[in-house]
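In: Sequence plus the predicted model coming up.
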Amino acid sequence: MEEIEGEYVDYQRWMGFSSSIRSCRVIPAYRGSYRLRIYEKPDFSGHMMEFMDDCPCVSDRFHHRHVYSSNVMNGFWIFYEYPNYRGRQYFLRPGEYRRYRDWCATCAIVGSFRRVTEF
């Protein structure tokens with residue numbers, strides 16, 4: 001069976017853990033630049049790194065496993081629980097996230113993230 005981008009035959013194709021969808025959100029069209037800062041401690045403190053591209057493995061580039069705060073300056077981003085865009089997903093729109101709970105995560109582990117570029 002031929003797969004078309006954006007269509008998924010079953011939940012495992014989008015790296016889901018079950019067939020239920022708990023929430024859904026419309027993402028506004030965006031065609032500008034992307035910029036994101038992540039921090040190793042709450043309230044934008046500690047080691048900081050800025051990104052403008054996708055990151056398949058945060059610990060390889062950031063050298064920390066935990067992201068306690070984040071500042072999305074431009075664009076829309078998705079944080080993933082595990083490397084290679086797997087696990088729970090957290091949608092971040094432009095704004096300040098002083099603690100990981102601000103993006104509704106239950107812990108500060110961010111394995112990967114990517115820009116939302118297709119609408």
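Out: Nice, I can see it.
In: For the residue lying closest to Asn84 once chain neighbours are set aside, give me its contacts.
Out: Take Asn84 and drop its neighbours on the chain: the residue closest to it by Cβ to Cβ, 6 or more residues apart in numbering is Pro56, 5.4 Å away. Every residue, glycine included, has its C-beta placed from N, CA and C. Pro56 makes contact with Pro83, Asn84, Tyr85, Ser112 under the criterion Cβ atoms under 8 Å, 6 or more residues apart in numbering.
In: what are the ranges of the strands in the chain?
Out: Under the criterion DSSP state E, strands of the chain are mapped to 35-41, 45-51, 69-74, 77-82, 86-92, 95-97, 112-115.
In: As JSON lines, those strands with mean pLDDT would be great.
Out: Putting those into JSON lines (pLDDT from 0 to 100) gives the following:
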{"stretch": "strand 35-41", "mean pLDDT": "98"}
{"stretch": "strand 45-51", "mean pLDDT": "97"}
{"stretch": "strand 69-74", "mean pLDDT": "98"}
{"stretch": "strand 77-82", "mean pLDDT": "96"}
{"stretch": "strand 86-92", "mean pLDDT": "94"}
{"stretch": "strand 95-97", "mean pLDDT": "98"}
{"stretch": "strand 112-115", "mean pLDDT": "97"}
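In: so which of those comes closest to Val26?
Out: Proximity to Val26, assessed across those by Cβ to Cβ, is greatest for strand 86-92 (10.6 Å).
In: Just the pLDDT for the residue nearest to Asn84.
Out: Note on Pro56: pLDDT of 97.
In: same check, this time on Tyr30
Out: For Tyr30, the model assigns a pLDDT of 87.
In: Met73 and Gly32 touch, don't they?
Out: No. Taking Cβ atoms under 8 Å as the contact criterion, Met73 and Gly32 are not neighbours in contact, 10.5 Å apart.
In: Name the residue in these two with the higher neighbour count.
Out: For the pair Met73 and Gly32, the greater number of neighbours falls to Met73 (14 against 7), based on other Cβ atoms under 10 Å.
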